[in-house]
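Visitor: below: sequence and its predicted model.
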Amino acid sequence: MPELPEVEVTRRRLERELIGSRFKQVVPRVKKLRLPVPANLDQVLSGRMLRAIARRGKYLLFDCEVGWLLVHLGMTGFLKLLRSAPPPGKHDHLDFIFEDGQLLRFYDPRKFGVVTWFIGDPQQHPLLAEIGPEPLGKGFEGEYLFGASRGRKVAVKQLIMNSAVVAGVGNIYANEALFRARIRPDRAAGDLTPLECTELVATIRDVLKESIKEGDACLVAEETVAYYPQTFKVYGRSGESCHKCNEPLEEIRIGGRSTVFCRGCQK
């Protein structure tokens, strides 16, 4: 599943390639993904300039002069940036064709993604209005996380993956940040100290920034805009040796998600 760094890397690449381009045509091939695809997208976008691309959590926000195109990649989606128009595959659900010949194609095998249209402040869209502060923004600090954790019996990993608490911290980066902060993922969130919250905020920021930097510097094939090689300390390494203490990493399930940690290093 594309997580915040993959979405941000996608945003940056599309920003470099598409800003200032005008839409020529929108070709939808499905009526519904996770939500219905607006039937009038071709009508409202044709001739409009793409002025900016922002991100809120894991959502991409395309400023299209008269409104906003909101895109979420779901669990298996990504955006293909193409210089020509090869025949669409089975899971190529929408084409955004630009006047300069570029093609942005939305691919999503499981159809859990979102492509929708909104006029007005996109932050007020129901999909975005209840999202918490950005993890790389000023609103996400140790004091804030400490306050959000008070009285919470939920596992700390579930707390930081709750988009109402902080935007876009997915399973991969929750594993990595908790390892760096030396905090067990299954600890009750309400047990965190102010110092631990400050450290956890810092490690969340660090792992996200490092992954974004790694992805932004990586040359990827056009059909894999949202993905790039990544190196993790714990995620996907169950049973392997901890990089710090050499003890085997353990895997448990928290909130239905795979969770890898080091019993020796994380308390």
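Guide: Good, I have the coordinates.
Visitor: what helix or strand is Gln25 on?
Guide: strand 23-28 (DSSP states H and E).
Visitor: give the buried residues for the helix or strand that that strand is followed by.
Guide: Counting by DSSP H and E, the element after strand 23-28 in chain order, helix or strand, is helix 41-45. Neighbour counts over helix 41-45 (16 or more other Cβ atoms under 10 Å) mark Leu41, Asp42, Val44, Leu45 as buried. Any C-beta I mention is one placed from the backbone N, CA and C, and that applies to glycine too.
Visitor: quick check, nearest of those residues to Phe118?
Guide: If you rank the buried residues of helix 41-45 by distance to Phe118 using Cβ to Cβ, Val44 comes first, at 10.9 Å.
Visitor: residue contacts, that closest one?
Guide: Neighbour list for Val44: Pro38, Cys64, Val66, Gly67, Trp117 [criterion: Cβ atoms under 8 Å, 6 or more residues apart in numbering].
Visitor: do the same with Leu45
Guide: Contacts of Leu45 by Cβ under 8 Å, 6+ apart are Phe23, Val26, Cys64, Leu69, Phe96.
Visitor: ok, for the third one, nearest residue in space, not its chain neighbours?
Guide: Just to be clear, that refers to Cys64. Distances taken as Cβ to Cβ, 6 or more residues apart in numbering place Arg48 nearest to Cys64, at 4.8 Å, with adjacent residues excluded.
Visitor: again, but for the fourth one
Guide: Beyond its immediate neighbours in the sequence, the residue positioned closest to Leu69 (Cβ to Cβ, 6+ apart) is Phe62, lying 3.9 Å away.
Visitor: my read is the one you found is in a strand, agree?
Guide: Yes: per DSSP: H, G, I helix; E, B strand; the rest coil, Phe62 lies within a strand segment.
Visitor: can you report how many residues neighbour it?
Guide: Phe62 has 26 neighbouring residues, counting by other Cβ atoms under 10 Å.
Visitor: pLDDT score assigned to it?
Guide: Note on Phe62: pLDDT of 98.
Visitor: residues contacting it?
Guide: Leu50, Ala52, Ile53, Trp68, Leu69, Leu70, Val71.
Visitor: check Gly89 too.
Guide: Tyr107.
Visitor: coming back round to it: select only the buried ones of the contacts of Val44 in ChimeraX?
Guide: Buried members of the contacts of Val44, defined by 16+ other Cβ under 10 Å, are picked up in ChimeraX with:
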select :38,64,67,117
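Visitor: quick one on the thing from earlier: among the contacts of Phe62, which one lies nearest to Glu210?
Guide: Closest to Glu210, out of all of these and judged by Cβ to Cβ, is Ile53, at 22.2 Å.
Visitor: which stretch of helix or strand covers the closest one?
Guide: Using DSSP H and E, Ile53 maps to strand 52-56.
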